[in-house]
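# Sequence below, structure please.
(4 chains, ligands or ions: 12)
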Amino acid sequence: MNQAVQAAAPAQKRKPKETGVPDNKKFLHPALVKNYGDWKYHDRPRPGVLHHVAHGGDEVWSVRAGTQRQMDVHTIRKLCDIADNFAEGRVRFTIRSNIEFIVSDAAKVDPLIAELEKSGFPVGGTGNSVSMIAHTQGWLHCDIPGTDASGVVKALMDELYDEFKREEMPNRVHLSTSCCEINCGGQADIAIIVQHTKPPVINHDLVANVCERPTVVARCPVAAIRPAMVNGKPSLEIDETKCMCCGACYPPCPPMQINDPENSKLAIWVGGKNSNARGKPTFMKMVASGLPNNAPRWPEVAEVVKNIIAVYKADARPWERLADWIDRIGWPRFFEKTGLPFTKYLIDDWRGSRANLNASTHIRF
Amino acid sequence: MNQAVQAAAPAQKRKPKETGVPDNKKFLHPALVKNYGDWKYHDRPRPGVLHHVAHGGDEVWSVRAGTQRQMDVHTIRKLCDIADNFAEGRVRFTIRSNIEFIVSDAAKVDPLIAELEKSGFPVGGTGNSVSMIAHTQGWLHCDIPGTDASGVVKALMDELYDEFKREEMPNRVHLSTSCCEINCGGQADIAIIVQHTKPPVINHDLVANVCERPTVVARCPVAAIRPAMVNGKPSLEIDETKCMCCGACYPPCPPMQINDPENSKLAIWVGGKNSNARGKPTFMKMVASGLPNNAPRWPEVAEVVKNIIAVYKADARPWERLADWIDRIGWPRFFEKTGLPFTKYLIDDWRGSRANLNASTHIRF
Amino acid sequence: MAKKMHDTPNLDQLEDGPWPSFVTGLKDLAKDKDYVVDLLGQLEESYKTRKGYWKGGTVGVYGYGGGVIPRFTELKNEDGTPKFKDAAEFHTLRIMPPPGMHYDTGTLRQFCDLWEKHGSGLIAFHGQSGDIMFQGATTDNVQKAFDELNEMGFDLGGAGPAVRTSMSCVGAARCEQSCYDEAKTHRAVLNTFLDDIHRPSLPYKFKFKFSGCPNDCMNSVQRADMAVIGTWRDNIRTDEALAKKWFVKHGMDELVNDIVARCPTKTFQVKELSKIKGGEHISTVAVNDTHGIEINNQDCVRCMHCVNVMTGALAPGKDKGATVLVGGKSHLKIGGLMGTVVIPFIKLDTDEGVEQLVDFAQRTIEFFAENALEHERTGEMIERIGLTNFLDAMEIDVDPSMVNSPRMNPYVRTDGWDDEVAKINAKKQAA
Amino acid sequence: MAKKMHDTPNLDQLEDGPWPSFVTGLKDLAKDKDYVVDLLGQLEESYKTRKGYWKGGTVGVYGYGGGVIPRFTELKNEDGTPKFKDAAEFHTLRIMPPPGMHYDTGTLRQFCDLWEKHGSGLIAFHGQSGDIMFQGATTDNVQKAFDELNEMGFDLGGAGPAVRTSMSCVGAARCEQSCYDEAKTHRAVLNTFLDDIHRPSLPYKFKFKFSGCPNDCMNSVQRADMAVIGTWRDNIRTDEALAKKWFVKHGMDELVNDIVARCPTKTFQVKELSKIKGGEHISTVAVNDTHGIEINNQDCVRCMHCVNVMTGALAPGKDKGATVLVGGKSHLKIGGLMGTVVIPFIKLDTDEGVEQLVDFAQRTIEFFAENALEHERTGEMIERIGLTNFLDAMEIDVDPSMVNSPRMNPYVRTDGWDDEVAKINAKKQAA
Ligand code: SRM
Ligand code: SRM
Ligand code: SRM
Ligand code: SRM
Ligand code: SF4
Ligand code: SF4
Ligand code: SF4
Ligand code: SF4
Ligand code: SF4
Ligand code: SF4
Ligand code: SF4
Ligand code: SF4
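Ligands and ions are numbered 1, 2, ... in the order given. Here you go, the predicted structure:
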């Protein structure tokens, strides 16, 4: 869809230098270059600060702060000023869009933190905190979003602000949000994902112009779409008994409008884990759905998420990620403790779902 | 196929008393009736003997002995004589076709055992022994067998005789054997199952007479069968690129001869577990195939089975069933320790097989 | 004296070795029976050629449609006559055993006598479905044998697309782990379906199995369309005297490595006595003067392991009953299936409890009869229509105990979400 | 000064609260830019109507076929003119970051300057695939911005059916767990595929991700068609001083409950020093004068847990390298997929090692290009053709590490069994 093909190449245009991924060596803090691959251990003197010690004895402190990811140049320049004045001119960003300042002197840590906080950047997100939410595009930029991303992240991080700055959770908590069912945000301890509840509404006038029909037909996971003539024009038809409203047909065919202000809901998923620590990586599971897409602050979503976090915080043992915790207490008790209703929609019926049925008498009463 | 429909009812015939499952109370040993549902604990004074104690203090000893399951009336009468002379006239059979004699006096145990052994019935099969093999029909009676069952059981139990009489395994070991891929023998710690390696050879002359073609077509798990006209007669045709030689078409259509003296091989499976103890029940996994159907004593099969048992015995920790043991040491080491080759055929590609791929870096080196 | 034995060089080799030999048994029978002489002849041929020679057919008893497995020889001479003519028919009667497979010798001797008379003299205790298999009778003799067996109080079991013979473990009769009366329940359920047992007209076979506890000695989870497995809801019971006795014999190392480390949910803990906390859901017991066991029963999945290892010292609770799983079966067509939890807990200690189970079994079989495709087992049917639809039809509320986890994909149409939640809340309030 | 702001009552509410606000940032930009004034206008409209208003199109830079995400407004007046005309085009340039996403402030300031000039002034650090997303430029300005970025040494990333931008963790640069040089490997692999990045012509997207150890801080297992995750083959290293330091702070209870009980294979054990046994595969370290840790590394699955808890006291071994998994992806079409182990271990500490990985990546992408259906990811392709066929094509021997267990069904045609065994034996003998 959105890959570009440059029609004709005007003579004056510059040929790209196909430089690829740049070497990171020149951007690295000198202490990182010197001790590259030679670190011995780390500890965390306080939330938001990592202290790494090299085999040779060198030490660096990394101070982590939250950002909005979608940053205006003024904000970026402010961060650069802080890096130049209070750190050593080098920064890095984490996979969760937190910024890290690296200093080689313990004395620099406190002033740096003070300046960051003063400038509105919360210091935290390390260790057993609730880190920044994996952020997607939403209404600000994407062509298929059912909701926004930046606003959801902002609204939620406001609520989770304290947990970002503290390290009081049983283990790290990683959140993500995805503005359509495609899930660019990925697997997370807790994820918020759009869940459509009605089949696409087809704008038949447009299909013939903009959609390659076989492509759209092929995209449907349940073969619910078939070519049809509507008002004498080639269009498409949906078998509504089959369609499970995934929205996969929408990107290749924008006239298959899946987004709906009322019927595009939000679902909450928990227990995703990518790390191999303890158990194998696991997918997250849907535990709530039907939440309204209530911009600009999504209070219903925030409530469910905060509640899950609070119950987990109170109940889990040290080192138990959300998935590990539920492994111990079991799903029935998860629903009991969080007060979330277990509806029939949460029982898997997609391919391979049999593997997920309880084929044992392992039951908690 | 084999359910019977009685064509016409001759007048003299007796109407059945539809009595159903008989009450077992009258067959129970009196001590079992008295303490029914009121047992407190048991121990095992020696292999082959269970000692159960009731809350009220009553005690019973059960002496377990192996049988050939397929018993002639002389053998059964011999067992009855022993029960009458050395026990208290009651016996029961276990799910594994072992016989149990129940006595209410410890003094009766030893003479009973002596008599059983003298009469050729090995006493054992309790606790951490290798118990009797779950037995199927084979050439003796079934209409679709690729091999025999009684002979396989006999040949193997001869080899496992000592392990039946001892309780020296890490946990109980349950074996089964199945004379075709249908697997009447069920899941077991170690199972021996026919594995065909060539598609059925169709006797086209017979298909039209004896087979309902749509039924046969529907039975094939991979839709490899289609109706066809052969030599002008309605018959069937197999897409040999699809057929995976399961033999499912053979019972509804005997002209689809799947059994072959050379190409019907034997496969070994391990790690099935029905009990919920510790982990959930698990299916067994195929670990060897291509073993010749070498009647009358199947030495190649016996060798593989005995080797697996020996390695397990030496390596597993107490209470580890075969599946638990492999859980700890991992599959790569299982193949290493048993010396069995891990071929590509052992990688699952059937429905839902993705769930069984290693989606982690959990690897033992 | 019967006719001369055929040469059986292959089978002869199965008389060697210490395990009881079925060949020796058959040869014993052959002394008096041409029938068995020829059976051995045909079997030897199978051993030689590595092929089976039986085919099915239609044989039964008056009044019933199933329960007999007919076998006719396919081993023919050029002229179409059977090679081993005296064993040309070798049918099996499947007879339902008493629950737990208990017998007195009188009954067994009667079996022997009648089968010596009417059959080959070969009886299997028992088939994998639990039947006493009276193996080897001619078409003519099937009815005679059945009549005598039936007069003794025994009845034919299932074959074909029918409710099948069932098995239950020794259970309450002799096992301390038993959580319900397996024999009573077994009979109550099976005897409800006599018509479906005797007159095969279901889409395919349907099997029940009854195990008294999660050790599942009947392998019901993977061999039964409906598995009834005992369990309990309250706390594990403890007995200090037996716990201390166990500890003297086994010691701390075994306690830690064999139990603590193997408890699947880590809820079985060993602690200093002073650190052990009690509570509504906690079972505790001292193992010596300094240490004890603490189990939080809310996290216990009733796996039985600790109870097995320390039998008597630990025991299932008092609020006993069973979990019901539906859909187990063997390999055919879609691969082996295990049953799925559909009733997490049902009390079976009263007649009403058992009736509830019978009612559920009836509704399941009715639904199966109406909705399964031909030759489709319950597990396959549920696989095809989805567990939720089956539960709906059975009027059972969904419960997270039925799944390992909630769904991991978004592929579901949830427009009824609010209604479902409202229903759940209404039920909660009504309760 | 830009034009007057539109009313944004919804967005205004996103200026409240302590977390840094993107709305405040946008408003800052809007002070100077009509472009952003109108962007806010359209976004407010989305908030009001709960609908998105962008559509794709075709915009790129000279010489490349991808890397720009074109956005044209769909929010039109009756007459077809854009409602917010100054933000009618809002394209994004995806720029590949340096591995580990390190920057000096000079570079960041240069980014700001050029994007203030040519774009909206909005930059995301980073997109979920790792790109620096320069968000919001008109079609005219895309080339200008790119030219300047490219002169700085940065290059466009992937979009469409192409090899995509990649991410690697901070790893060797600052992390003691790192098992290979993530940055070097990341560059070596990605820069092999510049043509496939810049000129989308694969069946669908293909992503690489690089994590230095099994903690997988890049989430590669489920977000990468090829995940390269560091690991080691030899024994866990120990440091007694740090182990004792850890124990002083945390004590026996934490050692037992937080590590022993959580080791997935129970190979991490705590024992009295006198009972600890050494051996070729055993790591041991004392935690105080009486007790110590014993790890049998043959049973260790390199899960990282104990190493994480006791960082420094325990550390990955010295024989380091990586595991390669293929086929991870998100929800579309068949549900989320995790990668599957295809190379259990590869050394990456020499140029040859890295080249081997590059070679494997090339062959994988070639195979993918030729064999995947349109819009099919590697995971889906492998699902369709079977792992074994993929391994065959890649000339990789099957290994039980690639599966959780061998097959649980008999549905396979094994007539090549003996040949396979012969091949395996021949290889063993040759080795
Ligand atoms: C900076 C960062 C990597 C980067 O290149 O950007 C990073 C860095 C570290 N991670 Fe991570 N992890 C980072 C994202 C992740 C992710 C991915 C994510 O956030 O989406 C994961 C996988 C999460 C999952 O399983 O889904 C991740 C799973 C871990 C784990 C395993 C946790 C567990 O027990 O399951 C550890 C081990 C630990 O916590 O000791 C770890 C440990 C670490 C250590 C302690 C490694 C070290 O010795 O330096 C680093 C400091 C962590 C801290 O915040 O205290 N890191 N770490 C990422 C910071 C994200 C952030 O800003 O919040
Ligand atoms: C007699 C029998 C039931 C019957 O009604 O026939 C039976 C009887 C007992 N079983 Fe069983 N089990 C019997 C077949 C089974 C089976 C099924 C099978 O053999 O195919 C299983 C499931 C096996 C599986 O998981 O695939 C079975 C899994 C258990 C277990 C769980 C073992 C584990 O740790 O996984 C226990 C617990 C134990 O061993 O302490 C158990 C325990 C017992 C106890 C100790 C229960 C008791 O307290 O009395 C009984 C004596 C066992 C002994 O042999 O020492 N029984 N037991 C069966 C004897 C078969 C035989 O002759 O060998
Ligand atoms: C006799 C017996 C083996 C034995 O020697 O013990 C047996 C023998 C046959 N089984 Fe079985 N099955 C026997 C217990 C089982 C069991 C075990 C159980 O019931 O617990 C299973 C696995 C559980 C299950 O039901 O799935 C079993 C799974 C099958 C299947 C596969 C069903 C499936 O859905 O996967 C078939 C094939 C079919 O039904 O089409 C089958 C079919 C057959 C047939 C009828 C072959 C046929 O289709 O023509 C065999 C008749 C043999 C004969 O000549 O007597 N038999 N069969 C067992 C019944 C004896 C009895 O009544 O007590
Ligand atoms: C921008 C970004 C979200 C963000 O704000 O960070 C994003 C945005 C889009 N993703 Fe994504 N994806 C982004 C990272 C991901 C990731 C995460 C990753 O790469 O680690 C995933 C999950 C991993 C994966 O690849 O499966 C992801 C899974 C998808 C999918 C589902 C693919 C699948 O096979 O399941 C689609 C749909 C498609 O490709 O047809 C998709 C499609 C899209 C499109 C192109 C929507 C479309 O099809 O028209 C979105 C364009 C938004 C825009 O306007 O910029 N995006 N997308 C991320 C890329 C930024 C960057 O280049 O750094
Ligand atoms: S999750 Fe969906 S709506 Fe959001 S950025 Fe990705 S593709 Fe766009
Ligand atoms: S929304 Fe999904 S299921 Fe429905 S028609 Fe579109 S692609 Fe098919
Ligand atoms: S396993 Fe196959 S051959 Fe053996 S008895 Fe069962 S159906 Fe017959
Ligand atoms: S053997 Fe199995 S796969 Fe082959 S044709 Fe028969 S039913 Fe189909
Ligand atoms: S299933 Fe349970 S109750 Fe029944 S015999 Fe086995 S251990 Fe005893
Ligand atoms: S029965 Fe309960 S406490 Fe005992 S080992 Fe099993 S799960 Fe743990
Ligand atoms: S993946 Fe491993 S090596 Fe990379 S940053 Fe995370 S902990 Fe460190
Ligand atoms: S790294 Fe190895 S020893 Fe440590 S917890 Fe994981 S599996 Fe156990």
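# where does chain C have low pLDDT?
Nowhere does chain C drop to pLDDT under 70.
# where do the helices sit along it?
C:9-12, C:22-30, C:34-49, C:105-118, C:139-151, C:182-190, C:194-198, C:220-223, C:240-254, C:305-309, C:351-371, C:378-385, C:387-394, C:417-430 (DSSP state H).
# Make CSV from those helices and add distance to residue C:87 to it.
For every residue, glycine as well, the C-beta is placed using N, CA and C. Shown next, in CSV, are these (distance: least, Cβ to Cβ, whole Å):
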stretch, distance to residue C:87
helix C:9-12, 14
helix C:22-30, 10
helix C:34-49, 4
helix C:105-118, 15
helix C:139-151, 13
helix C:182-190, 33
helix C:194-198, 28
helix C:220-223, 31
helix C:240-254, 55
helix C:305-309, 46
helix C:351-371, 38
helix C:378-385, 37
helix C:387-394, 46
helix C:417-430, 62
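# tell me the SS of the residue of the stretch 201-350 of chain A found nearest ligand 5?
For the stretch 201-350 of chain A, the residue closest to ligand 5 is residue A:251, as judged by Cβ to the nearest ligand atom, at 7.5 Å. Here residue A:251 is coil, with the state taken from DSSP: H, G, I helix; E, B strand; the rest coil.
# Identify the residues contacting the spatially closest residue to it that is not a sequence neighbour.
Spatial nearest neighbour of residue A:251, chain neighbours left out: residue A:144 (5.3 Å); criterion: Cβ to Cβ, 6 or more residues apart in numbering or on different chains. The neighbours of residue A:144, taking Cβ atoms under 8 Å, 6 or more residues apart in numbering or on different chains as the test, are A:180, A:182, A:247, A:250-251, A:258-259, D:52.
# Could you measure from residue A:144 over to ligand 2?
Residue A:144 sits at a distance of 50 Å from ligand 2 (criterion: Cβ to the nearest ligand atom, to the nearest Å).
# Which positions in the stretch 201-350 of chain A make contact with ligand 1?
By Cβ under 6 Å from any ligand atom, the residues of the stretch 201-350 of chain A that approach ligand 1 are A:272-275, A:277, A:321.
# Tell me which two of the residues you listed sit farthest apart.
Farthest apart among these by Cβ to Cβ are A:272 and A:277. That separation is 13.5 Å.
# do stretch C:303-320 and chain D meet at all?
No - shown here: stretch C:303-320 not in contact with chain D (Cβ under 8 Å from any Cβ of the partner chain), separated by at least 14.2 Å.
# Would you mind finding the most buried of the helices of chain C?
Mean neighbour counts were taken over these using mean count of other Cβ atoms under 10 Å in any protein chain shown, and the top value, a mean of 28, falls to helix C:220-223.
# Who are the packing partners of it?
Contacts defined by 3 or more Cβ pairs under 8 Å, 6 or more residues apart in numbering or on different chains; DSSP states H and E place helix C:220-223 against strand C:208-211, strand C:226-232.
# For the first one, which outside residues touch it?
Read it as strand C:208-211. With contact meaning Cβ under 8 Å, 6+ apart, strand C:208-211 is reached by C:99, C:163-164, C:166-169, C:171, C:182, C:185-186, C:189-190, C:217-220, C:223-230, C:361.
# Mind listing the strands it pairs with, and their directions?
Here strand C:208-211 is paired, per DSSP bridges, with strand C:167-168 (parallel), strand C:226-232 (parallel).
# Including mean neighbour count and distance to residue C:301, could the ones you listed go into CSV?
Converted to CSV, those look like this (neighbours: other Cβ atoms under 10 Å in any protein chain shown; distance: least, Cβ to Cβ, whole Å):
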stretch, mean neighbour count, distance to residue C:301
strand C:167-168, 32, 23
strand C:226-232, 29, 10
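# Minimum distance to residue C:375: which of those has it?
strand C:226-232 (18.4 Å).
# hmm, the closest one touching ligand 2?
No - judged by Cβ under 6 Å from any ligand atom, strand C:226-232 stays clear of ligand 2, getting no closer than 11.3 Å.
# what's the distance between that strand and the middle of its chain?
Chain-centre distance of strand C:226-232: 11 Å, with Cα atoms, centre = their mean, to the nearest Å.
# Next: stretch A:328-337.
On Cα atoms, centre = their mean, the centre of stretch A:328-337 falls 24 Å from the chain's centre.
# do the same with stretch C:26-39
Taking Cα atoms, centre = their mean, one finds stretch C:26-39 lying 33 Å from the centre of the chain it belongs to.
# same question, stretch C:271-288
Using Cα atoms, centre = their mean, the offset of stretch C:271-288 from its chain centre is 37 Å.
# what's the answer for stretch C:216-227, then?
Relative to its parent chain, stretch C:216-227 has a centroid offset of 5 Å by Cα atoms, centre = their mean.
# Could you tell me the end-to-end distance of it?
Terminal residues of stretch C:216-227 lie 9 Å apart, using Cα to Cα, to the nearest Å.
# go on, stretch C:408-427?
Start-to-end, stretch C:408-427 (Cα to Cα) is 27 Å.
# near ligand 4, anything from that stretch?
No - Stretch C:408-427 lies apart from ligand 4 when judged by Cβ under 6 Å from any ligand atom; the minimum separation is 10.9 Å.
# List the backbone torsions phi and psi for residue A:100.
phi -120, psi 130 (degrees, to the nearest 10).
# Could you report the neighbour count for it?
24 (other Cβ atoms under 10 Å in any protein chain shown).
# what's stretch A:214-230 in contact with?
Contacts of stretch A:214-230 (Cβ under 8 Å, 6+ apart): A:199, A:202, A:204, A:213, A:234-240, A:242-244, A:246, A:248-249, A:251-253, A:256, C:411, D:332-334, D:374-375.
# so can I have a markdown table of the helices and strands packed on helix C:220-223 showing distance to residue D:354?
Shown next, in a markdown table, are the helices and strands packed on helix C:220-223 (distance: least, Cβ to Cβ, whole Å):
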| stretch | distance to residue D:354 |
| --- | --- |
| strand C:208-211 | 56 |
| strand C:226-232 | 54 |
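# now the residue of the stretch 101-250 of chain A found nearest ligand 11, nearest residue through space, not along the chain?
Ligand 11 sits closest to residue A:172 of the stretch 101-250 of chain A, with a gap of 11.3 Å, by Cβ to the nearest ligand atom. Distance criterion Cβ to Cβ, 6+ apart; nearest residue to residue A:172, sequence neighbours excluded, is residue A:128 at 5.8 Å.
# Ok, residue C:83 next?
Residue C:83 sits nearest to residue C:75 (Cβ to Cβ, 6+ apart), 4.4 Å away.
# Minimum distance to ligand 6, which residue of the stretch 251-365 of chain A gives it?
residue A:258 (5.7 Å).
# can you pull the contacts of that residue?
Contacts of residue A:258 (Cβ under 8 Å, 6+ apart): A:144, A:146, A:196, A:199-200, A:245, A:247, A:249-250, A:264.
# Quick one: mark the members of these that sit in strands.
Under the assignment DSSP state E, the contacts of residue A:258 contribute A:196, A:264 to strands.
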